[in-house]
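Visitor: dropping a prediction and its sequence here:
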Amino acid sequence: MAPGTHSAWHNAVMRFWFAHGSDVPIPEQLFTQVVLGILSEDLAPGQKLPSTRELARRFHLHFNTVSAGYRKLEHHHWVEFRHGSGVYIRDKRPDTALSPVFALDEAIARVFQTGQKLGLSLYDVRSRLRHLLELQPPDHFLLIEPDENLRQIVVAEIQSAVTLPVRGCDIEGASSSKILEGAIVVVLPRKAAALRQVLPVNADVHVLQVRSANNELGKYLPASPDVLIGIASRWDEFLEIARTMLIAAGFDSDRLLLRDGKKLSWQKGLDQTEGVVCDSLTAVTLNKKLHAIPFRLIAESSLQDLKRHEQFITALDLRSCASEALDQGLPAGNRRQG
């Protein structure tokens, strides 16, 4: 395959792209795509990846080039080599995500089933639930993320989906019990393990899932070699990841215009582009005359989970008000507002 060309291949539910002759090394292209595939659940735990020899043959790559990408993935504990079998996604991520939130009805049913197994009476279970309902429920979401620019982006995305306030802090700030009061803690997958080391053992942490870059990018393919595309963000990693993915998908690196949103006059030259790939926060500040191509980082499934959790908390608060009104002998119309 001639330098400067690119090719794509579907492996089960994931598409692989590799650009030859690019200034982004092939091993880095492979590493980035596999990690994003795992985080967005395009690649499942235990799933077998194409062999080094198979990728090398299909994409006309050197065996050692593909091997270097797989070795980096193994070094960072994303994949494992099974002797005589191949390369597999590890069953456990470097930062293991929590299980999805159960549906409300299912959760309530489990409470009563557990009470029954423990030999508790229906009165005992109802009394305990009544006590919990009277506790002050959480009143805000708290994103714990050390990178300030990434934190601002994710806070904005969550706030667009929920009505409770969304705040943010770094991991050091999360060690304070005061900042955790009344908080529903959320974290990105890559920092989940580090966060659990500083939080109380019984802390409830929601691990967000990231959106699939492959699915989002597929809307704009195949790439035209003459198109000038902008990439803009205040988050440095967004610039590099977007650049890597676009090059791997066939966009010429010379036709990508990167703009750091932290710098003055960062929008200069973007009016010459066909569109600007940017994070959702940058999209709001982009000149309205430009064609923004916003990429939301958080998966829709995670945003829906947070909305359901918020609805559950709201229901608890309303029931708490009703419970207090009953205790005081007040008519429902006179109960306090939550």
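Guide: Good, I have the coordinates.
Visitor: confirm residue 257 sits in a helix?
Guide: No. The secondary structure assignment for residue 257 gives strand rather than a helix, going by DSSP: H, G, I helix; E, B strand; the rest coil.
Visitor: identify the residue nearest it in space, chain neighbours excluded?
Guide: Distances taken as C-beta to C-beta, 6 or more residues apart in numbering place residue 230 nearest to residue 257, at 4.6 Å, with adjacent residues excluded. Yep, even glycine has a C-beta here, placed from its N, CA and C like the rest.
Visitor: and the one you found, which of the three is it?
Guide: strand.
Visitor: what sits against it?
Guide: Listed by C-beta atoms under 8 Å, 6 or more residues apart in numbering, the contact partners of residue 230 are 256, 257, 258, 259, 269, 270, 273, 275, 276, 277, 278, 290.
Visitor: so residue 296 touches residue 157, yeah?
Guide: Yes. Assessed by C-beta atoms under 8 Å, residue 296 is found in contact with residue 157 at 5.7 Å.
Visitor: okay, the contacts of residue 230 in TSV with neighbour count and pLDDT next?
Guide: Formatted as TSV, the entries for the contacts of residue 230 read as follows, by neighbours: other C-beta atoms under 10 Å; pLDDT from 0 to 100:
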residue	neighbour count	pLDDT
256	19	93
257	16	95
258	16	96
259	23	97
269	12	95
270	23	96
273	21	93
275	15	91
276	24	94
277	28	92
278	28	94
290	18	94
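Visitor: number of nearby residues for the nearest residue to residue 90 once chain neighbours are set aside?
Guide: Leaving aside its chain neighbours, residue 90 sits nearest to residue 80 (5.2 Å; criterion: C-beta to C-beta, 6+ apart). Here the neighbour count serves as a burial measure; for residue 80 (other C-beta atoms under 10 Å) it reads 15.
Visitor: residue contacts, residue 80?
Guide: For residue 80, the set of contacting residues under the criterion of C-beta under 8 Å, 6+ apart consists of 74, 87, 88, 90.
Visitor: could I get the residues you listed as TSV with neighbour count and distance to residue 61?
Guide: What follows is the contacts of residue 80, written out as TSV (neighbours: other C-beta atoms under 10 Å; distance: C-beta to C-beta, whole Å):
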residue	neighbour count	distance to residue 61
74	14	18
87	21	15
88	15	20
90	15	24
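Visitor: okay, those residues in TSV with secondary structure, distance to residue 166 and pLDDT next?
Guide: Supplementary listing: the contacts of residue 80 in TSV, determined by DSSP: H, G, I helix; E, B strand; the rest coil; distance: C-beta to C-beta, whole Å; pLDDT from 0 to 100:
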residue	secondary structure	distance to residue 166	pLDDT
74	helix	36	94
87	strand	39	93
88	strand	37	94
90	coil	31	92
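Visitor: list just the nearest of these to residue 192.
Guide: Taking C-beta to C-beta as the measure, residue 90 is the one of the contacts of residue 80 closest to residue 192, at 15.0 Å.
Visitor: ends of stretch 265-273, what's the gap?
Guide: For stretch 265-273, the separation between the terminal residues is 16 Å (C-alpha to C-alpha, to the nearest Å).
Visitor: show me where the stretch 51-200 of the chain has strands.
Guide: 79-82, 86-89, 140-144, 166-169, 183-187 (DSSP state E, counting those that start in this stretch).
Visitor: out of the ones you listed, flag the one nearest residue 313.
Guide: Taking C-beta to C-beta as the criterion, residue 313 comes closest to strand 183-187 out of those, the separation being 7.4 Å.
Visitor: much appreciated, bye for now.
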